[in-house]
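Novice: Provided below are the primary sequence and the corresponding predicted coordinates.
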Amino acid sequence: MSDPRAQDVLQRVFGYESFRGDQQAIVDHVVGGGDALVLMPTGGGKSLCYQVPALVRAGTGIVVSPLIALMQDQVDALTELGVRAAFLNSTQDWREARDVEQAFLDGELDLLYVAPERLLTDRCLQLLDRGRIALFAIDEAHCVSQWGHDFRPEYLGLSMLHERWPDVPRIALTATATAATRVEIAQRLALDEARHFVASFDRPNIRYRIVEKNEVRRQLLDLLRSEHEGDSGVVYCLSRARVEETADFLCQNGVSALPYHAGLSPAVRASNQSRFLREDGIVMVATIAFGMGIDKPDVRFVAHIDLPKSVEGYYQETGRAGRDGLPATAWLAYGLQDVVQQRRMIDESPGDEAYRRRLGQQLDAMLGLCETVECRRVRLLNYFGQTITACGNCDVCLEPPQAWDGTVAAQKVLSAVYRLWKERGQRYGAGHIIDILRGKATDRTRQHGHETLSVFGVGADLSESAWRGVLRQLLAHGLLTVDHEGFGTLALTEGSRAVLKGEYQLMLRRESEKKGRAAKSGGRARAAAVELPADAQPLFEALRNWRGEVAKNHGVPAYVIFHDATLREIALARPGSIQELGHINGVGVRKLEAYGEDILRLVA
């Protein structure tokens, strides 16, 4: 039987008529004192799973979060709802910290956000001993996984919460975890008895698209101009230098872009992050140092111009798009050099052999997603142990690639690599191998006598781009490898022999010829899905302008006042009374009191 107090809090404080998915079961379990491990996609409503129980149970909910830079925004959003929330972190002076500590001891806080390194200090532990704790929420719980892409060593100390406060329920939450990572989280946080709640990882509003690199910055600019003019979005790059170059390029071409990486000063990072959260139409160009915990609901696209290292990383980064449930784009450009670079990074990584093998497996899964000829979403969710039918909203479903028998083409490549090594004791990179196959006479082919090789010109039937696709897929399938001692030259692998001998057929992926035109048709489809009826559009824009002014006066991001989805619902429903407005999703009692009359005036 569900607790009626939880339903009351959901409606009165947060303004939602009902829970979604597993939220009700999770909330009831934690309210009843049970431990929980929650896997829910970004935008699935994880925060309500601990915020509602914290408001129902006696005491203060302690939220462990690694996101010091975002705690202020999280507390501001709760304060707007009338929730008594505060944080303790290193940005405060001693007076501010003392006031928060006293409010906790006096029972005047519903929620207290604490960074893990702060929580584990003797001072903080003794403080918590003296107050009343409703629950512990461990956000971004995947940070405890030592195999993960966001590992934080301080998270390993959080297992002591159970030992010190055995009767206080704990809820660990993450937006991404394979079955193996889930087991690791439970073990490391001593959540052995916790009930697991695993929601579907599917984000049907996100359109996944992966394209072959060809002047990637120009491709990115075309995407923004044709589909996402004036939209907020994130562009992920592998290196700091790449971030700076790309942000500069976009700015020079009229896009409001900001850089974000660990090499910038904390003040610049905080300023750029604040602008991204508070202003419309900002594009953040970043390394993976940016994004965890970003609550901005109207991010319309996430683009990767370098290959992510793992499917988990890719899923979490793309999940920052479309948190409001409206259509969004996840766009990735990758090419032959990405595969070479990632293999090199793995070979040069400082870990032991098991660590490098794990990195290799993660990269193989990512390459499998890029090269698949089946639905991207089917492949992506299968990685997390979930099965769906073809989605109809990814590039493979919308523009199916052709599969072709690449056995002979692969034999030509492998034969060229073999003959250069066997006959000349030489190894070369992809560009030179392609020149030899296509019979292209260059200073280098003449200098080394490669025009006399039996494989010279045997691949003149394929274009340079097609051969790059073949080489990329041979690397992805592990049928070629990169010899980094030879400065990134290509070498055969154990699997090469079977292909050379013709022992099995090798099917490769060929892009649809219409793929290059997909951007424009995809843009029209997206725009149609996002646009409101013509008669609702002026009210929606008026509401957005009003919201912007209110947010500016309060010093908070616009979405803290109301999400776009709420404003859209108001524009469509045109409520005529406070009572009708109160039934709109996202309009709780506090916001109804603060903004109800203003909104009704705009509607009228």
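Specialist: That came through, no problem. Numbering: from 1, shown residues only.
Novice: give the contact list for residue 136.
Specialist: Listed by C-beta atoms under 8 Å, 6 or more residues apart in numbering, the contact partners of residue 136 are 61, 62, 64, 161, 165, 168, 169, 170, 171. The C-beta positions use only the backbone N, C-alpha and C, and glycine is treated the same way.
Novice: possible to save those residues as TSV with distance to residue 214 and pLDDT?
Specialist: Converted to TSV, the contacts of residue 136 look like this (distance: C-beta to C-beta, whole Å; pLDDT from 0 to 100):
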residue	distance to residue 214	pLDDT
61	50	97
62	50	97
64	45	95
161	51	93
165	56	95
168	55	96
169	53	97
170	49	97
171	46	97
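Novice: Retrieve the pLDDT associated with residue 148.
Specialist: The pLDDT attached to residue 148 in the predicted structure is 64.
Novice: again with residue 544
Specialist: Note on residue 544: pLDDT of 90.
Novice: same thing with residue 391?
Specialist: Model confidence at residue 391, expressed as pLDDT, equals 92.
Novice: Surely it is in a strand?
Specialist: No - counting by DSSP: H, G, I helix; E, B strand; the rest coil, residue 391 is not part of a strand but coil.
Novice: Tell me if I'm right that it and residue 205 touch.
Specialist: No - because the distance of 10.9 Å does not satisfy C-beta atoms under 8 Å, residue 391 is recorded as not touching residue 205.
Novice: Which one's more surrounded, these two?
Specialist: Neighbours were counted for residue 391 and for residue 205 using other C-beta atoms under 10 Å; residue 391 has more, 20 against 16.
Novice: check contacts around that one.
Specialist: With C-beta under 8 Å, 6+ apart as the criterion, the residues that contact residue 391 are 202, 204, 375, 376, 377, 378, 397.
Novice: burial count for the last one?
Specialist: Under the neighbour criterion other C-beta under 10 Å, residue 397 is assigned a count of 17.
Novice: residues in contact with it?
Specialist: Neighbouring residues of residue 397 by C-beta under 8 Å, 6+ apart: 375, 376, 390, 391.
Novice: Just give me the neighbour total for the first one.
Specialist: Spelled out, that is residue 375. Residues near residue 375, counting by other C-beta under 10 Å, number 22.
Novice: The second one now?
Specialist: Other residues lying near residue 376 total 23 when counted by other C-beta under 10 Å.
Novice: what does the model give it for pLDDT?
Specialist: Here the pLDDT value assigned to residue 376 is 95.
Novice: Just send the contacts of residue 136 back as TSV, with neighbour count, secondary structure and distance to residue 308 too.
Specialist: Putting those into TSV (neighbours: other C-beta atoms under 10 Å; DSSP: H, G, I helix; E, B strand; the rest coil; distance: C-beta to C-beta, whole Å) gives the following:
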residue	neighbour count	secondary structure	distance to residue 308
61	28	strand	33
62	28	strand	33
64	24	strand	26
161	23	helix	32
165	17	coil	38
168	20	coil	37
169	23	coil	35
170	24	strand	31
171	30	strand	28
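Novice: can I get the residues you listed in CSV with distance to residue 419?
Specialist: Formatted as CSV, the entries for the contacts of residue 136 read as follows, by distance: C-beta to C-beta, whole Å:
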residue, distance to residue 419
61, 68
62, 66
64, 59
161, 63
165, 69
168, 69
169, 67
170, 62
171, 61
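Novice: residue contacts, the residue nearest to residue 49 when sequence neighbours are not counted?
Specialist: If you skip the residues right next to it in sequence, residue 49 has residue 26 as its closest partner in space, 4.6 Å away by C-beta to C-beta, 6 or more residues apart in numbering. Neighbour list for residue 26: 36, 38, 49, 171, 197 [criterion: C-beta under 8 Å, 6+ apart].
Novice: element containing residue 26, please.
Specialist: Here residue 26 is covered by helix 23-31, with elements defined by DSSP states H and E.
Novice: In that helix, which residues are buried?
Specialist: Using 16 or more other C-beta atoms under 10 Å as the test for burial, helix 23-31 gives 23, 24, 26, 27, 28, 29, 30, 31.
Novice: What is the end-to-end distance of stretch 144-161?
Specialist: With C-alpha to C-alpha, to the nearest Å as the measure, the ends of stretch 144-161 fall 14 Å from one another.
Novice: what distance separates that stretch from the middle of the whole chain?
Specialist: Here stretch 144-161 is found 19 Å from its chain centre; the criterion is C-alpha atoms, centre = their mean, to the nearest Å.
Novice: same check, this time on stretch 558-578
Specialist: Shown here is stretch 558-578, whose average C-alpha point lies 27 Å from the average C-alpha point of the whole chain (C-alpha atoms, centre = their mean).
Novice: just stretch 374-384 next, same as before
Specialist: Here the centre of stretch 374-384 is set off from its chain's centre by 16 Å, with C-alpha atoms, centre = their mean.
Novice: Give me the contact list for that stretch.
Specialist: Residues lying outside stretch 374-384 but in contact with it, judged by C-beta under 8 Å, 6+ apart, are 176-178, 200-202, 208, 210, 311-312, 315, 365, 368-369, 372, 387-391, 393-397.
Novice: Then stretch 248-265?
Specialist: When contacts are defined by C-beta under 8 Å, 6+ apart, stretch 248-265 is touched by residues 217, 220-221, 224, 235, 240, 243-244, 246-247, 269, 272-273, 275-276, 279, 281-287, 289-290.
Novice: same question, stretch 546-566
Specialist: 73, 76-77, 80, 277-278, 280, 295-298, 324-326, 543-544, 567, 584-587, 591, 595, 598-599, 602.
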